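# Sequence first, then the predicted structure:
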Number of protein chains: 2
Amino acid sequence: MPEPEHPAGRRPRLTRERVLEEAVALADEAGFDGLSMRTLADRLGVVPMALYKHVRDKEALLDGMVETVLAEVPPPPDEPGAGWKAAARTRVLDTRRALQRHPWAWRALETRPAPTPAMLDHMEAMLRILRGGGVSPQLTHHAMHALGSRIWGFTQEVGASGPPPTDPDEIAAVMAAMAARWPAVLESAMSAGHDPDTTVGAGCDDDFEFAFALDLILDGTEALDARGWTPWEGVAAGAEG
Amino acid sequence: MPEPEHPAGRRPRLTRERVLEEAVALADEAGFDGLSMRTLADRLGVVPMALYKHVRDKEALLDGMVETVLAEVPPPPDEPGAGWKAAARTRVLDTRRALQRHPWAWRALETRPAPTPAMLDHMEAMLRILRGGGVSPQLTHHAMHALGSRIWGFTQEVGASGPPPTDPDEIAAVMAAMAARWPAVLESAMSAGHDPDTTVGAGCDDDFEFAFALDLILDGTEALDARGWTPWEGVAAGAEG
DNA sequence: ACGCGAGGTGTACGGCGTACACCTATAACG
DNA sequence: CGTTATAGGTGTACGCCGTACACCTCGCGT
């Protein structure tokens, strides 16, 4: 029965778009490590090797997935409104929001051995914000490096665990161990500072920390720009003069 | 031939220390992906399963390797010399030097799901530098976040490729493509700025960029500290006032 | 002298990415 | 309308990976 538009629909032909779409969905649900050529093929009702007709290999699949996610970032407005700093800030936070919808994305991004076209587009847009705002090429270059992974909207906290222990006894034990050997770590964990009535320890607001660091860099860059900083002043010229 | 004390010496008994030592050496030579339980066992002249008598699993092996590398970082002096900023700077750069000797280490660090004791020790030392210098608990907390992976001595450049193409034709082709679609990226690549007579494009000094970003954060934190900043001022209070 | 336990071995399983040969349904064309 | 080329899906297989589990074999304390 050659019924191409069967009610349930003859399984639609695979396309690169469908593959990427389902790969993103699968990674969203199963995490970065839950995504394999085999699980993806299963999800598409197809044999693993079928995927290779649409992506060269898994690396290319990841490239495409990054492309897909980056396409979700709203483009910067043509008209820079309130200066480059605000525009850059908005763009970074926009990117962060897109990446936060796909928690696996930073691992994909970090393992790209070379910038993909979508990544270059993304960088290009950010560079134009700075250069268009009159920041010198040199300072722009260094600022991009300083922003580093923040440009991409993520900061992987080294050693950030999953959910903290919920068992009160266990919490107490951990706290005791900390107090003995790592008192400063313990104090710092209790010193989120924003939102005073937050639950102790767990109350660290990632968005605040991200914005704080971002503003430190943007404000610092702005200050250097305002003073006409040049690299020849030496490395630590930031706030010394 | 049961020659127990063969001239070359009976293969010494495996110890956790020997396992970790050789694991580090292997990763140094073969890279992070070249390290597997099997290749490591080969190197030790032993069957893969023998390793499991000394490390619980591969995750624990990586924990131990991180421990080993972090032990190479010189401890901070008890006497803070020239203020917390200089001390923090020195410690970060010391850490960076240790990590640079083991290029695989950032991947191991980044994939630790929870901080290991050695990592907590490391953080503790840095926190004490700030707190000992009189920085408030809140600002210390945020500064630690802002320093982020820089505390650990690395900043993985997203999309940083290996060696750039050496074939002149290929270079020309890449440059042409960039000029057409990513002119700002191209300009930025040519604008390293430090060391004017560097080869175009390839002359970006990672150490300079690292130090630049580090100083941006440390100087910014210092300025906030000097003015008695508190989180209630709001996120972007950095340089607005 | 003996036995016991720490430490090294062998085999095996299930997962991964993917090379390669094969089949099949479609669409272009004489 | 029949033929045929081909894009796209299939099946099998290989060589890696981490590691569970049963086993053996020393060397040491008794």
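Okay, I see it. Computed from a prediction, not measured in an experiment: that's the story for all the values here.

# Quick check: buried residues in the top helix by length along chain A?
Identified as the longest helix of chain A according to DSSP state H is helix A:206-226. For helix A:206-226, the neighbour count (16 or more other CB atoms under 10 Å in any protein chain shown) marks A:208-225 as buried. Placement of C-beta: from N, CA and C, glycine included.

# Who are the contact partners of the most centrally placed residue in chain A?
The centre of chain A sits closest to A:Phe154, judged by CA atoms, centre = their mean, with a distance of 3.2 Å. Residues in contact with A:Phe154 (CB atoms under 8 Å, 6 or more residues apart in numbering or on different chains) are A:Arg96, A:Leu99, A:Ala105, A:Trp106, A:Leu109.

# Just to be sure, which of those are found in helices?
A:Arg96, A:Leu99, A:Ala105, A:Trp106, A:Leu109.

# quick one: which of those residues has the most company?
Sorting the ones in helices among the contacts of A:Phe154 by how many neighbours each has (other CB atoms under 10 Å in any protein chain shown) puts A:Ala105 first, at 26 neighbours.

# Could you list the residues of chain A in contact with DNA strand C?
A:2, A:4, A:35-39, A:48-49, A:52, A:57-59 (CB under 7 Å from any atom of the strand).

# for the helix or strand of chain A at the bottom of the mean pLDDT ranking, packing partners?
Sorting the helices and strands of chain A by mean pLDDT, DSSP states H and E puts helix A:168-181 at the bottom, at a mean of 89. When contacts are defined as 3 or more CB pairs under 8 Å, 6 or more residues apart in numbering or on different chains; DSSP states H and E, helix A:168-181 packs onto helix A:183-189, helix B:117-132.

# who's in contact with it?
A:Pro164, A:Pro165, A:Val185, A:Leu186, A:Ala189, B:Pro117, B:Leu120, B:Asp121, B:Glu124.

# Looking at these, which one is closest to DNA strand D?
DNA strand D lies nearest to B:Pro117 out of the contacts of helix A:168-181, by CB to the nearest atom of the strand, at 20.5 Å.

# What is the burial count for A:Gly31?
Neighbour count for A:Gly31, taken as other CB under 10 Å: 12.

# what's the closest residue to it other than its chain neighbours in contact with, if anything?
In space, and not counting its chain neighbours, A:Gly31 is closest to A:Trp104: 6.0 Å by CB to CB, 6 or more residues apart in numbering or on different chains. Listed by CB under 8 Å, 6+ apart, the contact set of A:Trp104 reads A:Ala27, A:Asp28, A:Gly31, A:Phe32, A:Leu35.

# Need the mean per-residue confidence for stretch A:137-146.
Per-residue pLDDT values across stretch A:137-146 average out to 95.

# For chain B, tell me whether that stretch is touching it.
Yes - for stretch A:137-146, a contact with chain B is found by CB under 8 Å from any CB of the partner chain, at A:Pro137, A:Gln138, A:Thr140, A:His141, A:His142, A:Met144, A:His145, A:Ala146.

# cool, stretch A:216-225 as well?
Yes - between stretch A:216-225 and chain B, judged by CB under 8 Å from any CB, the touching residues are A:Leu216, A:Ile217, A:Leu218, A:Asp219, A:Gly220, A:Thr221, A:Glu222, A:Ala223.

# Domain parsing of chain A, as residue ranges.
Listed domain ranges for chain A are A:16-55, A:70-155+A:205-233 (source: automatic domain parsing).

# Pick the most deeply packed of the ones you listed.
domain A:70-155+A:205-233 (a mean of 19; mean count of other CB atoms under 10 Å in any protein chain shown).

# What's the end-to-end length of it?
Distance across domain A:70-155+A:205-233, first residue to last, is 37 Å (CA to CA, to the nearest Å).

# neighbours of A:Ser191, just the number please.
20.

# and it, which of the three is it?
coil (DSSP: H, G, I helix; E, B strand; the rest coil).

# what pLDDT does it get?
85.

# so of the residues of chain A next to DNA strand C, which ones are in helices?
With DSSP H as the criterion, helices contain A:Met37, A:Arg38, A:Thr39, A:Lys58, A:Glu59 from among these.

# got a list of what the fourth one touches?
Applying CB under 8 Å, 6+ apart, we find A:Lys58 in contact with A:Met37.

# among the ones in helices among the contacts of A:Phe154, which two are most distant?
Farthest apart among the ones in helices among the contacts of A:Phe154 by CB to CB are A:Arg96 and A:Leu109. That separation is 12.4 Å.

# Closest to B:Val69 out of the residues of stretch A:137-146 next to chain B?
Minimum distance to B:Val69 across the residues of stretch A:137-146 next to chain B is 24.1 Å, recorded for A:His145 (CB to CB).

# give the contact list for that closest one.
Each residue near A:His145 by CB under 8 Å, 6+ apart is listed here: B:Glu157, B:Cys204, B:Glu209, B:Phe212, B:Ala213.

# any idea how far the last one lies from A:Phe210?
According to CB to CB, to the nearest Å, B:Ala213 stands 15 Å off from A:Phe210.

# quick revisit: could you pull up the mean pLDDT of the longest helix of chain A?
95.

# Output the below-cut-off pLDDT ranges for chain A.
For chain A, applying pLDDT under 70 flags the ranges A:1-11, A:80, A:161, A:193-203, A:234-241.

# got the residues of it near DNA strand D?
Checking chain A against DNA strand D by CB under 7 Å from any atom of the strand, the hits are A:Arg13, A:Leu14, A:Val46, A:Val47, A:Pro48, A:Met49, A:Ala50, A:Lys53, A:His54.
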